[in-house]
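A.B. asks: using only what follows, build the 3D model:
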Amino acid sequence: ETFLAHPDLISLPVVDRRTMKPIGLINHALFMSDLAKPYYKEVFLNRSCSTFMDTHPLIVDEEMPLQEVSIVIAEAGKRVVTNGFLIVADGRYRGIGYTQDVLRIMADIHRQHSDRLAASGERLENLVLERTQALIAQTAQIAVCNRHHSLEQQICRWILSCLDRLPSNELTVTQELIAN
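C.D. replies: As a prediction, the model looks like this:
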């Protein structure tokens, strides 16, 4: 009756009324398919719902991170894709979840992550471009300096640029290093 009243319902949880612990899950499509078989109604319709249910549905705690839920779903197989899974808190039934909802949310999370990476990539690209432009300007300045300044001025510029790159103000230099 419940499936007839709610045709969009994918699965129906079976819960112990006293303890609120989940017992199983009845898949709408499989149940209706079984009812369509000859004499199935006459033989099975008045039996317990346990006859129709998956007695080992996937059960996840409501505190489980969504990424872990998606991994558990992937490992559980096709039955979770068609039936869904039960959500519990302290072992008590809290709701039912569906694979397509998890996939949609995970896709949104991955899309947001990709957008952040793309934005970071743009910032990195801009930094690399700025650094490249600075290096080109510095190389041009060195070329002009080498063309127009005396050897003493060139050595002073070289010593100052070396000191700029060192963590201290101490520079150890040999004549051979300066000659090269």
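A.B. asks: wait, what's in contact with residue 99?
C.D. replies: 73, 80-81, 84-85 (C-beta atoms under 8 Å, 6 or more residues apart in numbering). The C-beta positions use only the backbone N, C-alpha and C, and glycine is treated the same way.
A.B. asks: among the residues you listed, which ones are buried?
C.D. replies: Buried by 16 or more other C-beta atoms under 10 Å: 73, 80, 84-85, out of the contacts of residue 99.
A.B. asks: these in strands, which ones?
C.D. replies: residue 85 (DSSP state E).
A.B. asks: how close does residue 4 sit to residue 99?
C.D. replies: Distance of residue 4 to residue 99, computed by C-beta to C-beta, to the nearest Å: 24 Å.
A.B. asks: ah, wrong one, I meant residue 72
C.D. replies: 11 Å.
A.B. asks: got it, and residue 154?
C.D. replies: Counting by C-beta to C-beta, the gap from residue 154 to residue 99 is 70 Å.
A.B. asks: what's the longest helix in this structure?
C.D. replies: Across the chain, the longest stretch assigned as helix under DSSP state H is helix 99-148.
A.B. asks: tell me what the following helix or strand past that one is packed against?
C.D. replies: Sequence-wise, the next helix or strand downstream of helix 99-148 (DSSP states H and E) is helix 151-165. Counting contacts by 3 or more C-beta pairs under 8 Å, 6 or more residues apart in numbering; DSSP states H and E, helix 151-165 is packed against helix 99-148.
A.B. asks: ok and the helix it packs on relative to helix 151-165, angle-wise?
C.D. replies: Going by axes from the mean of the first three to the mean of the last three C-alpha atoms, to 10 degrees, helix 99-148 is angled at 160 degrees with respect to helix 151-165.
A.B. asks: do you know how far residue 6 is from residue 28?
C.D. replies: Distance of residue 6 to residue 28, computed by C-beta to C-beta: 9 Å.
A.B. asks: of the two, which one has the most company?
C.D. replies: Between residue 6 and residue 28, counting by other C-beta atoms under 10 Å, residue 28 is the more crowded of the two (18 against 11).
A.B. asks: neighbours of the residue nearest to that one when sequence neighbours are not counted, how many?
C.D. replies: In space, residue 28 comes closest to residue 3 once its chain neighbours are excluded; the distance is 5.1 Å by C-beta to C-beta, 6 or more residues apart in numbering. Residue 3 has 18 neighbouring residues, counting by other C-beta under 10 Å.
A.B. asks: residue contacts, residue 3?
C.D. replies: 9, 12, 28, 31-32.
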